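Whatever this is, show me its structure:
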Amino acid sequence: MRRKLSWKLAANALSASRFLLAFLWIAACASGNRRPALLGPIALAGAASDFADGRVARRAGSLDEFGRWLDAIADIVFVLTAVSCEAWAGSIPVYIPVLIALSFAQYAIDSVVILGSATPIASRLGHWGGILNFAVVITLACAPPPRWPGRLVRLAAPLFAIFYFAAIIERSLNYRPSR
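Presented below is the predicted three-dimensional model:
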């Protein structure tokens, strides 16, 4: 029992670490220190904690409501902090964090209000959207524009927007009554 509880606490601590990492990202950007040597490890730590927290929770056999929401909210806080700071710095268009926020809001609202679930309900495109979000954050942290990968992210921003709209549409298709 104690071992299971410690695994559960470890999973939740991994999720919660993304709040601290988001704060560090804001502090770095506010101080004007957006160097890849600083933001790169923050981005990689955020992605690693997201990758590991679910695995640790499954190992504990404790995929509970609190942990699932903590993971989802920690993801969006970290990603939105990073992409908002990057949009503020001009690395990506402002509409990218706006679309990510809209997509997450729809995810949370339709999980709870429309579908009546106590935990977040995943979607195929939403899962890939999470991966895309972390890939964008890591790329902008490690090689921001005008460097090549960061410049590619900026150029691909309209395609990302199409993807986020597609994810929103996919979730909204669940609102139709099934026949």
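
List the buried residues of the top helix by length along the chain.
Ranked by residue count under DSSP state H, the longest helix found in the chain is helix 2-30. The neighbour-count check on helix 2-30 (16 or more other CB atoms under 10 Å) flags 7-8, 10-12, 14-18, 21-22, 24-25, 28-29 as buried. C-beta: built from backbone N, CA, C; applies to glycine.

Quick one: mean pLDDT over that helix.
The average pLDDT within helix 2-30 is 90.

got the contact list for the residue most central in space within the chain?
Centroid-nearest residue in the chain: D75, 3.7 Å away (criterion: CA atoms, centre = their mean). D75 makes contact with R18, D50, G130, N133, according to CB atoms under 8 Å, 6 or more residues apart in numbering.

where are the low-confidence patches of this protein?
1-5, 62-63, 115, 174-179 (pLDDT under 70).

The same query, at a cut-off of 50, please.
178-179 (pLDDT under 50).

Sketch out the strands for the protein, chain order is fine.
Shown for the chain, no strands are assigned by DSSP state E.

residue boundaries of the helices in the protein?
2-30, 36-60, 65-88, 95-109, 124-142, 148-172.

Leaving out sequence neighbours, find the closest residue to W88.
C29 (7.1 Å; CB to CB, 6 or more residues apart in numbering).

Okay, the one you found and I92: tell me how far apart.
Distance check for C29 against I92: by CB to CB, to the nearest Å, it reads 13 Å.
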